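please work out how this folds:
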Amino acid sequence: MTSITTAEAHLRGADPVLGAIIDQVVQATGGPLTTAPDVEDPDLPNDHYGVLVRAIVSQNISTIASRAIYQRLHERFGGRPPSPEEILATDPDELRLSAGLSHAKTVSLRSLAEHVLAGELELDRLHLLPDEEVTAQLSAVKGIGTWTAHIYLIFHLNRPDVLASGDLEIRRAVEREYALPSIPRPADVERIAEPWRPYRTLACLYLWRWWENLAVR
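Residues are numbered from 1 along each chain as shown. Take a look at the predicted model:
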């Protein structure tokens, strides 16, 4: 497996703008990134199902907001992630209101639980598949799209070359640091990120941490 140092050196050499972002993060954190930004989050799950629940909760909102909602979901189920059976046994409106979920995310959580219990989504086999097939299988669940699949690939399967081009925070970071006139479309982010291959995952981690540091400031 390629070391972080090799990957970081490639990113710096391939894109001076990204190199400056890396410098800012290294200066703010006291060293280069070696793990995902959320690694210190005590609520971050490490099982296949729990990661997808967290990813659904996090769709289209900031990292800070997703942590708060996920914590409320934990509290609703005794300080732990809910099982598929528990999701389906809970009244959808009660689940939505108690955790602060949107209607669409509540529907998606129930669809995920149904697919898992029916055996239509074999989570234990996903790590054996290439990125594109993982994305296709996850997208069969209602409400799970490319963004959620990318989060799963990055944070759970540790794939090295995944670009979360639809992520709002990454798009905003790219808009700001690349001096774009408006927030870029995912296709625009993909074009800018082409030189980052084959280490686009690490680039995303730096962009997330940079944006999080900006939000704190």
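
helix/strand/coil for the most centrally placed residue in the chain?
By Cα atoms, centre = their mean, the chain has its centre lying nearest to residue 151, at 3.1 Å. Counting by DSSP: H, G, I helix; E, B strand; the rest coil, the backbone at residue 151 sits in helix.

need the contact list for it.
By Cβ atoms under 8 Å, 6 or more residues apart in numbering, the contact set of residue 151 is 51, 55, 58, 164. (Each C-beta comes from the backbone N, C-alpha and C, glycine too.)

list just the nearest of those residues to residue 18.
Of all the contacts of residue 151, residue 18 sits closest to residue 164, with 14.6 Å by Cβ to Cβ.

the closest one contacts residue 147, correct?
Yes: assessed by Cβ atoms under 8 Å, residue 164 is found in contact with residue 147 at 6.5 Å.

ranges for the helices of this structure?
4-14, 16-29, 48-58, 63-76, 84-89, 92-99, 103-117, 131-138, 146-155, 168-177, 186-192, 200-216 (DSSP state H).

how is the chain partitioned into domains?
As recorded under automatic domain parsing, the domains making up the chain are 4-39+162-216, 47-155.

output these as CSV; include the columns mean pLDDT.
Output for these, formatted as CSV (pLDDT from 0 to 100):
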stretch, mean pLDDT
domain 4-39+162-216, 92
domain 47-155, 92
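
not counting sequence-adjacent ones, nearest residue to residue 20?
Nearest in space to residue 20, with sequence neighbours left out and distances taken as Cβ to Cβ, 6 or more residues apart in numbering, is residue 177 at 7.5 Å.
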